[in-house]
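>>> Coordinates for the following, if possible.
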Amino acid sequence: MPSSSEPLTGHTAVVTGASSGIGLAVAEALAFAGASVAITYHSHAEPADELAARINAQGGQAIAVKADVSQEADVLRLFDEAVSAFGRVDVLVSNSGVQKDATVADMSLQDWNMVIDINLTGQFLCMREAVRRFRTQPKGGRPARSAGAIIAMSSVHEIIPWAGHLNYASAKGGVRMLTRSLAQEVAADGIRVNAVAPGAIRTPINKEAWDSKEALTKLLRLIPYGRIGEPEDVARAVLWLASDAADYVTGTTLFVDGGMSLYPEFRDNG
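Got it, this is the predicted structure:
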């Protein structure tokens, strides 16, 4: 059995969008929990290569793979490369995402399609391929109870409307139902499907919301717990969902948001 410090020993994980922010922290956490990791990036190879080198130097196993998750051929190649390197895939963390913000009157069809293609269709393509691999590969010597674990990266905006971000909020709402519906469909195969919904996390994608005292003060009004989240907060939640510690958990979204989804405006009775 794997040790409590390395609960993913013998597992292979594919982490998309892992060259920065949450994805990078997740890939690193899974690797240091014992998993072999395929670190997927779209356009920034250097940080993905550096993370893979760091993991390998410390006795782990990792590769960096370039892929556009909105393209079916890239997704198939990504899984092929992971299997070629490590023999199997046991965990998918479907994290790739993008924002193209505008009010509805100013939002182009191109920007709508780009966000839906990457944030929702990309998750579908990766989940579909993960299920195909989980169903056909032998369990082998892997000690986990499940046949495979899928963790989708959602957002508090799967339930919180977000004016000016219709494409992003719509994609994350879709991820919520994709997660639940797929979990229902594949539970009998021993495959677990869950999502993590971060709130405000200190990453490059939302730097304008936290990199000045004024911006951070405004942001913290929305977070009852009183601090902005760190990528490691999300990574720990993903690690738990990927491990046997969460073996009886499927079809749920774990909010990692410091209470942002608790309608903080009502703290003083509305």
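
>>> hmm, who's touching stretch 262-270?
Applying Cβ atoms under 8 Å, 6 or more residues apart in numbering, the set of residues contacting stretch 262-270 from outside is 221-224. All C-beta atoms are positioned from the backbone trio N, CA, C, and that covers glycine.

>>> go again using 7 Å as the cut-off
Stretch 262-270 is contacted from outside by 222, 224, using Cβ atoms under 7 Å, 6 or more residues apart in numbering.

>>> And for stretch 223-237?
21-22, 25-26, 29, 196, 198-203, 210, 216, 219-220, 254, 256, 258-260, 262, 264, 267.

>>> Can you list the buried residues in it?
Across stretch 223-237, burial judged by 16 or more other Cβ atoms under 10 Å covers 223, 228-229, 231, 233-235, 237.

>>> Ok, stretch 246-258 next?
Applying 16+ other Cβ under 10 Å to stretch 246-258 flags 246, 250-258 as buried.

>>> So which other helices or strands are in contact with whatever helix or strand residue 81 lives in?
Secondary structure from DSSP states H and E places residue 81 in helix 72-86. In terms of contacts (3 or more Cβ pairs under 7 Å, 6 or more residues apart in numbering; DSSP states H and E), helix 72-86 is packed against strand 12-15, strand 36-41, strand 62-66, helix 122-136.

>>> who touches stretch 134-154?
Counting by Cβ under 7 Å, 6+ apart, 1-2, 10-11, 22, 88, 90-95, 97, 123, 127, 130, 172, 175-176, 178-179, 189-197, 238, 241-242, 244, 247, 253 sit against stretch 134-154.

>>> Between the two ends of it, what distance do you get?
22 Å (Cα to Cα, to the nearest Å).

>>> what ranges do the helices span in the protein?
Under the criterion DSSP state H, the chain contains helices at 21-32, 45-57, 72-86, 109-116, 122-136, 166-186, 213-220, 231-242.

>>> how far away is residue 189 from residue 50?
Per Cβ to Cβ, to the nearest Å, residue 189 is found 36 Å from residue 50.

>>> what do you get for residue 167?
Taken as Cβ to Cβ, the span from residue 167 to residue 50 is 31 Å.

>>> To residue 107, which of the helices and strands packed on helix 72-86 lies closest?
Residue 107 lies closest, by Cβ to Cβ, to one member of the helices and strands packed on helix 72-86: helix 122-136, at 19.3 Å.

>>> can you pull the buried residues of that closest one?
Buried, per 16+ other Cβ under 10 Å, within helix 122-136: 122-127, 129-131, 133-134.

>>> what angle sits between it and helix 72-86?
40 degrees (axes from the mean of the first three to the mean of the last three Cα atoms, to 10 degrees).

>>> how far off strand 36-41 does helix 122-136 point, in degrees?
Going by the same axes, to 10 degrees, helix 122-136 makes 160 degrees with strand 36-41.

>>> what is the rounded mean pLDDT of helix 122-136?
Confidence for helix 122-136, expressed as mean pLDDT, is 97.

>>> Any idea how far it is from the middle of the chain?
Here helix 122-136 is found 14 Å from its chain centre; the criterion is Cα atoms, centre = their mean, to the nearest Å.

>>> Check the gap between the closest residue to residue 175 other than its chain neighbours and residue 179 for me.
Spatial nearest neighbour of residue 175, excluding adjacent residues (Cβ to Cβ, 6 or more residues apart in numbering): residue 154 at 4.6 Å. According to Cβ to Cβ, residue 154 stands 7 Å off from residue 179.
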